[in-house]
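**Q** following is a predicted model, sequence given first.
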Amino acid sequence: MTLFDSGLENQDTTSTETSHPEVRTLAERVFHQLQDAIVRGELAPGSKITEPGLSKTYGISRGPLREAMRRLEAHRLIQRVPHVGARVVQLSMKELLELFDVREALESMAARLAAENMSAEEIAGLREVLAVHERQADLRRGEAYYQREGDLDFHYRIVQGSHNNMLMTLLCDDLYYLVRLYRTQFSASGSRPQLAFVEHHRIVDAIEAGDAELAEFLMRRHVSASRANVVDRYAAALEQQA
């Protein structure tokens, strides 16, 4: 997708269009379309995104488009650079490592708390999510393990199952889309998709058994393996760009 600069950052953003429910609904739809395109890599990391290009592509007016872009910026998926405009986020290697360090610590804590707090109904829902994933064509072919956001995302459900509001804010809101971006784009390599799926089942087994220590250990190891794979693939991608 080729998008052209509009000087968006210098224009007035005090539109009243987004106060209307139908515009908010449209902005919501466009936000999800754009964040999905970013997560899947259709809008490449570091690529420039602009109001005229997005307006033409999605056929929407300034108000809902700007609302969608503000949400993308709030979720750290786009960055505004003075006198340059908006670009899709592209973390440095140091930032990526820091992100996975935080994820390893917090998600392992979430798994431990999930083993202590998840109800039988919630655990059954987690099993259902994995059953949905197992039917995915990309996973069956061993090409990727793409998880849709929210309730169809295994990691999201684990964090929700922790019943810890602070963890939910950090991992299901503040960092969620950024984590999901790198987890999706750089985790599909070799046997990793199938291994990740097996690891998910083992984590659920530990949670269902109420074994908090094992659940924490398995999640920490799972995220650590993902981290190593993502770092290797990201480094290779940077070399290709050089």
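**A** In hand now; what should we look at?

**Q** least confident secondary structure element in the chain?
**A** helix 137-140 (a mean of 65; mean pLDDT, DSSP states H and E).

**Q** if you count neighbours, what's buried in the longest helix anywhere in the chain?
**A** Ranked by residue count under DSSP state H, the longest helix found in the chain is helix 212-241. Residues of helix 212-241 classed as buried by neighbour count (16 or more other C-beta atoms under 10 Å): 212, 214-220, 222-223, 226-227, 229-231, 233-234. Any C-beta I mention is one placed from the backbone N, CA and C, and that applies to glycine too.

**Q** likewise for stretch 127-135?
**A** Quick answer for stretch 127-135 (16+ other C-beta under 10 Å): 129, 133.

**Q** ok, now stretch 72-79?
**A** 72, 75, 76, 77, 78.

**Q** please compute how far it lies from its chain's middle.
**A** Relative to its parent chain, stretch 72-79 has a centroid offset of 12 Å by C-alpha atoms, centre = their mean, to the nearest Å.

**Q** can I see the domain layout of the protein?
**A** Domain segmentation of the chain under the TED database yields 26-88, 93-240.

**Q** how long is the longest one end to end?
**A** Terminal residues of domain 93-240 are spaced 15 Å apart (C-alpha to C-alpha, to the nearest Å).

**Q** for stretch 31-47, same thing?
**A** With C-alpha to C-alpha, one end of stretch 31-47 sits 17 Å from the other.

**Q** other residues contacting stretch 213-221?
**A** Residues outside stretch 213-221 that contact it (C-beta atoms under 8 Å, 6 or more residues apart in numbering): 104, 107-112, 114-115, 158, 199, 202-203, 206-207.

**Q** ok, 6 Å please
**A** 104, 107, 108, 111, 112, 115, 202, 203, 206, 207 (C-beta atoms under 6 Å, 6 or more residues apart in numbering).

**Q** SS state for the first one?
**A** The reference is to residue 104. helix (DSSP: H, G, I helix; E, B strand; the rest coil).

**Q** who's in contact with it?
**A** Counted by C-beta under 6 Å, 6+ apart, residue 104 has contacts 220, 223, 224.
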